[in-house]
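predicted model and sequence follow; I will ask about them next.
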Amino acid sequence: MSDNEVQYASVVFKKKRSARAKEEEEVVYDDVRPSQTARETTVTKGLLSDKEAKRRRLYQKLFYCFGILYVILVMAFIGVSVYCKFFVSLDKRDKHELKQLKDNQTFLLDEIYNMTNLNNKISSDFKTLAQNFTSCKKKSSQFNIQVQNLTQQQNNLTAEISQVKKNNHDLQTKMKTLREEIKTCEKQKLSQVLQIIDQYCPKENNVRRCSSCPNGWIHSQSSCYAVNNPEPSNQKTWEEAREDCIRKGSNLTIVGNEIEKTFVVESSWKDKEGKMKGFWIGLRVEGGKWKWMDGSDLTNQAWINQQPATDGQCVTSLQNREWTSVSCTKRNGWICEKKALSV
């Protein structure tokens, strides 16, 4: 073969070309052909070789196609095998995992059921504890209130005990004072009793002779009377006269009937010199009314000759004269009265 044929063959068998590449190849081929005569000669001579080359190319293409197809089939077989094995193993593993998941689900459902029961129990227990706590809180509050009340009561009792102790001490002091006063009163009473005894039962030659009235007193009906007619300098107001009678264990005279009134008037001596203006008796004005020393009202208004009852006025008695209303601050004699003894 010539150099041109070798170049042509190389161009044809080098690789598969497209239609556009074939055209470009023809253009190049035309460019490299030296002349039309040479081309025809070459075609004639290489006609057999071109068919053989096409056949070879066809065989090569078929070989390549079968090879590629074989490789594809092998790869497909391998892929299917791997895929089947993978999915079989994956299916087994999924079944195992599914079973495990179901077991886990069952276990979890059981756990959820148990946890629900436990939660309900805890909720119930918590509710019970809350109620107990509330009850305990209320009881604690009540207990605190009771403690406070008891503490307050204790403080009050302590204060009361202290006050009682103080009162007890004061009572003991007062009792002691009262005992001393009682002793003093007993001594005074004893002294008064002795004086009364001496008054009513004076001793004569170591022999006591008792009478209804003390020595110096006048006995009339059931009373004893002491007529006090001192000098004008020793005369007293109505209140002073009353106090003197009280010191003697008596009071100003209270007249209860006409007999006693007559006795009182006759005992109200009138001195010759006229120094005695009258004798105080136990009748005076209180609240616009004539009242006796015992609080009783004067029933016979004629005894004072219808004189008006004016506060600050007291009554005097004088022999041969009606009772007279004069100021209680005037100074006069006075007549004391007390009960007579039954002898």
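Great, that's in hand.

all contacts plus neighbour counts: C-alpha atoms, from now on.
OK.

list the buried residues of stretch 322-333.
323, 324, 325, 326, 327, 328, 331, 332, 333 (16 or more other C-alpha atoms under 10 Å).

same check on stretch 222-239?
By 16+ other C-alpha under 10 Å, the buried positions in stretch 222-239 come out as 223, 224, 225, 226, 227, 228, 229, 235, 236, 237, 238.

pLDDT below threshold where in the stretch 201-343 of the chain?
Low-confidence segments of the stretch 201-343 of the chain (pLDDT under 70): 270-274, 343.

apply 90 and report the result again.
For the stretch 201-343 of the chain, the stretches flagged by pLDDT under 90 are 201-222, 229-233, 248-249, 256, 261-278, 287-288, 293-295, 299-309, 318-323, 339-343.

looking at the buried residues of stretch 322-333, spot the one nearest residue 81.
The closest of the buried residues of stretch 322-333 to residue 81 turns out to be residue 328 (C-alpha to C-alpha; 156.6 Å).

count of residues packed around residue 283?
Other residues near residue 283 come to 25 when the count uses other C-alpha atoms under 10 Å.

and the closest residue to it other than its chain neighbours, what is it in contact with?
Leaving out its chain neighbours, the residue that sits closest to residue 283 by C-alpha to C-alpha, 6 or more residues apart in numbering is residue 292, at 4.6 Å. Going by C-alpha atoms under 8 Å, 6 or more residues apart in numbering, residue 292 touches 254, 282, 283, 284, 298.

these two touch, right, residue 232 and residue 277?
No. Residue 232 lies out of contact with residue 277 (C-alpha atoms under 8 Å); the separation is 9.5 Å.

pull up the overlap in contacts between the two.
Jointly contacting residue 232 and residue 277 under the rule C-alpha under 8 Å, 6+ apart are residue 332.

which of the contacts of residue 292 has the most neighbours?
When neighbours are taken as other C-alpha under 10 Å, the top entry among the contacts of residue 292 is residue 284 (27 neighbours).

dump the residue contacts of it.
By C-alpha under 8 Å, 6+ apart, the contact list for residue 284 reads 290, 291, 292, 312, 313, 314, 315.

which is the next helix or strand following the helix or strand containing residue 82?
Residue 82 is part of helix 47-200 when elements are defined by DSSP states H and E. Heading C-terminal from helix 47-200, the first helix or strand you meet, by DSSP H and E, is strand 203-204.

neighbouring strands - and their directions - for that next one?
In the sheet, strand 203-204 lines up against strand 207-208 (antiparallel) (DSSP bridges).

pretty sure residue 250 contacts residue 335?
No. Taking contacts as C-alpha under 8 Å, residue 250 lies outside contact range of residue 335: 10.0 Å.

which residue is nearest the middle of the protein?
Centroid check for the chain by C-alpha atoms, centre = their mean gives residue 145 as the closest residue, at 7.1 Å.

quick one: that one from residue 152, how far?
Going from residue 145 to residue 152 by C-alpha to C-alpha, to the nearest Å gives 10 Å.

before we move on, the earlier item: against which helices or strands is the helix holding residue 82 packed?
Contacts defined by 3 or more C-alpha pairs under 8 Å, 6 or more residues apart in numbering; DSSP states H and E place helix 47-200 against no helix or strand at all.

so that it lines up with my notes, have the first residue be 712 from now on.
Let's use 712 as the start, then, which means that last one is helix 758-911.

next one: it to chain centre, how far?
31 Å (C-alpha atoms, centre = their mean, to the nearest Å).

in stretch 996-1006, what counts as buried?
By 16+ other C-alpha under 10 Å, the buried positions in stretch 996-1006 come out as 996, 997, 1001, 1002, 1003.

in strands, which of those residues fall?
Mapping the buried residues of stretch 996-1006 onto strands (DSSP state E) picks out 996, 997, 1001, 1002, 1003.

gap between the two ends of stretch 940-948?
From its first residue to its last, stretch 940-948 covers 13 Å (C-alpha to C-alpha).

residues making contact with that stretch?
With contacts defined as C-alpha under 8 Å, 6+ apart, stretch 940-948 is touched by 986, 987, 990, 1039, 1040, 1041, 1042, 1043, 1044, 1045.

if anything else comes up later, I'll come back, but that's it for now.
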